[in-house]
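Enquirer: Predicted model, plus sequence, below.
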Amino acid sequence: MEGGFNVYIEAENGQDLFDKIAAAPYQPYIVLLDISMPVMNGFETMVQLKARYPYIKVLTFTMIDDNNEFTILKMMQLGARGYIAKNAALAELEKALIAVYTEGYYFSTTMLAKFPDMNEENVWEYFKELFTEVDITFLSLCCSSLTYKEIADKMNLSPRTVENHAAHLSAKLHIHSRLDLGIYAYRAGFGSFR
């Protein structure tokens with residue numbers, strides 16, 4: 001409804017987006033990406049967008065509450081250029097699109113209040129702060145060939161506690177297997193395969 005913007009593609013989910021980008025005569029400069037989608041969610045879509053179309057800028061657009069710092073920072077760490085709530089005023093959406101187009105990033109007043117010195121370079125530092133020392137130790141050990149029982153021994157915890165910790169981190173990171181946890185930890189710089 002605002003002037004100055006052209007909508008090239010509308011998609012139902014991440015897979016639909018990739019199918020439409022491949023078939024489109026023009027590729028979008030900015031993608032408004034919802035996190036909660038069927039078939040391929042926002043996290044998976046963001047990873048694929050970054051790998052396939054690194055020049056497309058992504059503005060995360062979701063109903064997830066602003067208080068969920070982990071979700072916002074996770075998307076930023078994966079390569080999103082900003083976050084806006086679905087219930088934001090049209091003027092804020094316009095401001096966000098223009099900021100992403102002209103400056104490369106959009107940090108809302110809500111985000112800046114939570115992360116006052118947020119910028120392109122330090123998103124990862126904020127993200128890491130959301131992990132406890134135990135989280136980081138566990139993730140670093142997930143890169144190894146150790147079993148959960150051996151990880152529990154190294155961390156001086158019971159195997160059950162380690163399994164619970166794995167389940168908690170898997171849910172938090174939207175990851176579904178031990179291998180994926182190890183790959184995530186490696187890519188995030190928490191450990192190396194050994």
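Expert: Happy to help now that I have it.
Enquirer: And the most centrally placed residue in the chain, how far from Lys114?
Expert: In the chain, the residue lying closest to the centroid (CA atoms, centre = their mean) is Met75, at 2.3 Å. Relative to Lys114, Met75 is positioned 14 Å away (CB to CB, to the nearest Å). C-beta here means a position set from N, CA and C on the backbone, and glycine is covered the same way.
Enquirer: my guess is the residue nearest to the centre of the chain meets Ile35, correct?
Expert: Yes: at 6.7 Å, Met75 counts as touching Ile35 under the criterion of CB atoms under 8 Å.
Enquirer: ok, back up a step: pull the contacting residues for the residue nearest to the centre of the chain.
Expert: Neighbour list for Met75: Leu33, Ile35, Gly42, Phe43, Met46, Val58, Thr60, Tyr83 [criterion: CB atoms under 8 Å, 6 or more residues apart in numbering].
Enquirer: a markdown table for those, including neighbour count, distance to Leu17 and secondary structure?
Expert: Below are the contacts of Met75 laid out as a markdown table (neighbours: other CB atoms under 10 Å; distance: CB to CB, whole Å; DSSP: H, G, I helix; E, B strand; the rest coil):
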| residue | neighbour count | distance to Leu17 | secondary structure |
| --- | --- | --- | --- |
| Leu33 | 23 | 8 | strand |
| Ile35 | 22 | 13 | coil |
| Gly42 | 26 | 10 | helix |
| Phe43 | 19 | 14 | helix |
| Met46 | 23 | 11 | helix |
| Val58 | 24 | 11 | strand |
| Thr60 | 26 | 14 | strand |
| Tyr83 | 24 | 18 | strand |
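Enquirer: which one of the residues you listed is nearest Val162?
Expert: Checking the contacts of Met75 against Val162 by CB to CB gives Phe43 as the nearest, at 24.2 Å.
Enquirer: show me where the protein has strands.
Expert: Assigned by DSSP state E, the chain shows strands spanning 30-33, 57-62, 82-85.
Enquirer: Tell me the confidence at Leu181?
Expert: Looking at Leu181, its pLDDT stands at 78.
Enquirer: Contacts only, for the residue nearest to it when sequence neighbours are not counted.
Expert: Nearest non-adjacent residue to Leu181, counting by CB to CB, 6 or more residues apart in numbering: Cys142, 4.6 Å away. Residues in contact with Cys142 (CB under 8 Å, 6+ apart) are Ile151, Ala166, Arg178, Leu181, Gly182, Ala185, Gly191.
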